[in-house]
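Trainee: Sequence first, then the predicted structure:
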Amino acid sequence: MTTVAVANGSHALPDLADIVMPSPPSWFPGTVGWLVLAVVVFALASWLAWRGWRHWRANRYRREALAELARLRADLHEEGAARARALMALSVLLKRCALAAWPRVEVAGLAGEAWHAFLRAHAGKAADAMAPLQALIDAEYRDASVLAAWPAARADEVAMACRRWIAGHRVPSA
């Protein structure tokens with residue numbers, strides 16, 4: 001091992017150059033491929049957000065109908081005329097929901113079996129709700145005293161069927 005003698009008592013450290021720090025990395029991608037990928041990802045995210053917003057806006061009538069149905073369910077547990085009014089309101093609510101989703105000429109004139117066939121044809125995920133809805137459609141033309149005599153369990157079953165149809169019906173894409 002050799003030792004370096006310091007001549008004239010001076011040290012070598014002052015003659016050393018400072019450490020040169022590299023420039024900070026750029027936030028801009030180094031190649032065009034990353035830029036293209038960023039544009040594609042941004043476009044895809046924008047398209048998905050737009051579709052989600054359109055879907056949310058198009059289903060506003062469903063959210064409003066489900067909120068009204070929740071208000072009507074309290075009256076279904078009442079006795080007599082209040083239950084009859086709530087059951088009739090359920091029938092009207094189904095018709096209003098269909099009118100919001102389909103053209104008036106397709107829905108407004110439907111009644112009885114034609115109305116049931118329409119509900120069944122567009123039930124989507126709510127196909128199991130058709131039997132209670134048939135009972136509601138049949139009761140639509142009866143006296144209010146018949147509806148007032150319905151048991152609370154049957155009225156609740158009809159309300160749940162209405163909820164399933166409102167939430168699960170299919171609307172053809174425009």
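Mentor: Here it is on my side, so go on.
Trainee: Low-confidence stretches in this protein?
Mentor: 1-10, 174 (pLDDT under 70).
Trainee: let's see it at 50
Mentor: Scanning the chain for pLDDT under 50 picks out 1.
Trainee: Could you tell me which residues make contact with the residue nearest the centre of it?
Mentor: Nearest to the geometric centre of the chain sits Trp56, at 5.7 Å (CA atoms, centre = their mean). Listed by CB atoms under 8 Å, 6 or more residues apart in numbering, Trp56 has no contact partners. The C-beta positions use only the backbone N, C-alpha and C, and glycine is treated the same way.
Trainee: tell me the helices in this protein, going along the chain?
Mentor: 32-58, 60-76, 81-101, 104-107, 112-121, 130-139, 144-148, 152-168 (DSSP state H).
Trainee: got the angle between the third one and helix 32-58?
Mentor: Looking back up the chat, that one is helix 81-101. Interaxial angle, helix 81-101 versus helix 32-58 (axes from the mean of the first three to the mean of the last three CA atoms, to 10 degrees): 140 degrees.
Trainee: again with the second one
Mentor: Helix 60-76 and helix 32-58 are oriented at 40 degrees to each other (the same axes, to 10 degrees).
Trainee: Convert helix 60-76 to PDB, retaining C-alpha atoms only.
Mentor: Extracted in PDB, the C-alpha atoms of helix 60-76 (Å, rounded to 0.1, in the frame of the first residue of the first chain):
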ATOM      1  CA  ARG A  60     -84.400   8.400 -13.600                       C
ATOM      2  CA  TYR A  61     -88.000   7.300 -14.100                       C
ATOM      3  CA  ARG A  62     -87.200   4.000 -12.400                       C
ATOM      4  CA  ARG A  63     -85.700   5.700  -9.400                       C
ATOM      5  CA  GLU A  64     -88.700   8.000  -9.100                       C
ATOM      6  CA  ALA A  65     -91.100   5.000  -9.500                       C
ATOM      7  CA  LEU A  66     -89.300   3.000  -6.900                       C
ATOM      8  CA  ALA A  67     -89.400   6.000  -4.500                       C
ATOM      9  CA  GLU A  68     -93.100   6.300  -5.000                       C
ATOM     10  CA  LEU A  69     -93.600   2.600  -4.500                       C
ATOM     11  CA  ALA A  70     -91.800   2.800  -1.200                       C
ATOM     12  CA  ARG A  71     -94.200   5.500  -0.100                       C
ATOM     13  CA  LEU A  72     -97.200   3.400  -1.200                       C
ATOM     14  CA  ARG A  73     -96.000   0.300   0.700                       C
ATOM     15  CA  ALA A  74     -96.900   2.000   4.000                       C
ATOM     16  CA  ASP A  75    -100.500   2.300   2.900                       C
ATOM     17  CA  LEU A  76    -100.700  -1.300   1.900                       C
END
